[in-house]
Every structure is written in structure tokens, then in C-alpha cells.
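Asks: I'd like to go over a predicted model; first the sequence, then the structure.
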Amino acid sequence: MVRISIITNNISSLKESRIIEDLYSGRSTRTTAERQGVPQTKVARIEKMHMENIPQQRLVSPSKVSDPTKRLMVRELTNGTLNTAVEIKERLEHDFGVDITTAKVRQIL
């Protein structure tokens, strides 16, 4: 514990454990620093030291179309109910309120 205190300029062990807990729950270093009232560089140093225990953040945005909806699109196409990407797009917009382009529909299929 002495090593951590030297590097992090005497942050209390309670505050340090809260920082690690915030990072482990998926919060960014900036958000964690604001919540705990410490500089972001100190949070980044703590994160670097405990990197193997902290899961990496997912940096992609969530999909507009859920997996069950994707399966429905494929099923409707293979059944012959819908024949084109434009028809699938219109069905998604009308029934599910999903704003999607025909190019994205083609990419999913």
C-alpha cells in the first residue's frame, strides 16, 4: 500500500478504493475524478496500476436494431412476406418506430 500512496500523492485508502470501484463499474477517468474530487491524472494513474482488474470500456454505440428484430427481418425476407430492403425499412419504421436506412437494412441482411 505504501507504493500506491507515494504515486497517488497520499490519497486515502478509502478514496482510492472508491476510485477503483468507480472504474470497475465502467465509469471513465474523467467522471470518476469529478465524483471523487481528485484530479483526472491521479485517477488515470490508479487505473494504470490496476489495469488487469478493471474491464475495458466498450467504445461503440448501441445498435438501433435489436437482435430479435434482425431475426424478424431475415425471417420475413426468407418467408417471402417482404421482398426488398425498402419494404423491410418501411415495416420497421411503421411497426417498431425504428429510423433506419435501406443501406443499413442491406448491411444487416
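Replies: Right, received. Where do you want to start?

Asks: only C-alpha atoms for contact and neighbour calcs from this point on.
Replies: Noted.

Asks: next, the contact list for V38, please.
Replies: Applying C-alpha atoms under 8 Å, 6 or more residues apart in numbering to V38 gives no contacts.

Asks: now do the SS call for it.
Replies: coil (DSSP: H, G, I helix; E, B strand; the rest coil).

Asks: in stretch 83-94, what counts as buried?
Replies: A85, I88, K89, E90, L92 (16 or more other C-alpha atoms under 10 Å).

Asks: lowest-confidence one in those residues?
Replies: Lowest in pLDDT among these is L92, which has 85.

Asks: shouldn't P39 be in contact with T32?
Replies: No: taking contacts as C-alpha atoms under 8 Å, P39 lies outside contact range of T32: 9.4 Å.

Asks: neighbour-wise, which of the two wins?
Replies: In this view P39 and T32 are compared by other C-alpha atoms under 10 Å, and T32 has more residues nearby, 22 against 13.

Asks: distance check, that one against M73.
Replies: Per C-alpha to C-alpha, to the nearest Å, T32 is found 41 Å from M73.

Asks: in helices, which of the buried residues of stretch 83-94 appear?
Replies: If you go by DSSP state H, the buried residues of stretch 83-94 have A85, I88, K89, E90 in helices.

Asks: done for today, thanks.
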